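Novice: Quick one, what's the 3D model for this:
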Amino acid sequence: MTMDAMTMTDSMLDLADPVSPLSTPDTGSGTAVLERPQIKEQPLKDDGGDADRYAHYVSKERIAESRMTGRPVVALCGKVWVPKHDPSKYPVCPDCKRIYDEMTR
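Specialist: Okay, here's the model as predicted:
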């Protein structure tokens, strides 16, 4: 297929499309506007796994900073979240405990 044939085919497809500004060249300036709905995406701050059922090890300074800024913290086990619940109501994360014990030996 030559370049002219490819261009003609593309132009012919534009004319067949009722949304294309080239489908009705006599009405308008040839500029089309596509409207997209506004979608607000919320970043996922929770992996939804079993890690939410545990109290994790994070330094007190990081917890205090997170409560003031709303930024997520990272536990020793790698869990990332924004602390909101009382950790005394949950069992200690076994991975955090193992890592902490290895660090304090």
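
Novice: what's the weakest-modelled helix or strand in this protein?
Specialist: Scoring the helices and strands of the chain by mean pLDDT, DSSP states H and E places helix 3-16 at the bottom, with a mean of 51.

Novice: per-residue confidence at Gln42?
Specialist: Confidence at Gln42, expressed as pLDDT, is 60.

Novice: typo on my end, Arg36
Specialist: According to the model's per-residue confidence, Arg36 sits at a pLDDT of 73.

Novice: same check, this time on Ala75
Specialist: 94.

Novice: Return the set of buried residues in stretch 85-102.
Specialist: 93, 95-97, 99 (16 or more other C-beta atoms under 10 Å). Placement of C-beta: from N, CA and C, glycine included.

Novice: from the residues you listed, which ones fall inside strands?
Specialist: The strands, defined by DSSP state E, take in nothing from these.

Novice: any chance of those residues in TSV, with pLDDT and distance to Arg105 too?
Specialist: Putting these into TSV (pLDDT from 0 to 100; distance: C-beta to C-beta, whole Å) gives the following:
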residue	pLDDT	distance to Arg105
Cys93	94	19
Asp95	94	16
Cys96	94	15
Lys97	94	13
Ile99	94	11
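
Novice: ranges for the strands of the protein?
Specialist: Under DSSP E, the chain gives strands at 73-74, 80-81.

Novice: Which stretch among the ones you listed is buried most, on average?
Specialist: Ranked by average neighbour count under the criterion mean count of other C-beta atoms under 10 Å, the strands of the chain are headed by strand 80-81 at a mean of 16.

Novice: Point out the one among the strands of the chain that comes closest to Arg53.
Specialist: Taking C-beta to C-beta, strand 80-81 is the member of the strands of the chain nearest to Arg53, at 12.1 Å.

Novice: Contact partners for Ile99?
Specialist: Applying C-beta atoms under 8 Å, 6 or more residues apart in numbering, we find Ile99 in contact with 57, 76-77.

Novice: are any of these buried, and which?
Specialist: 57, 76-77.
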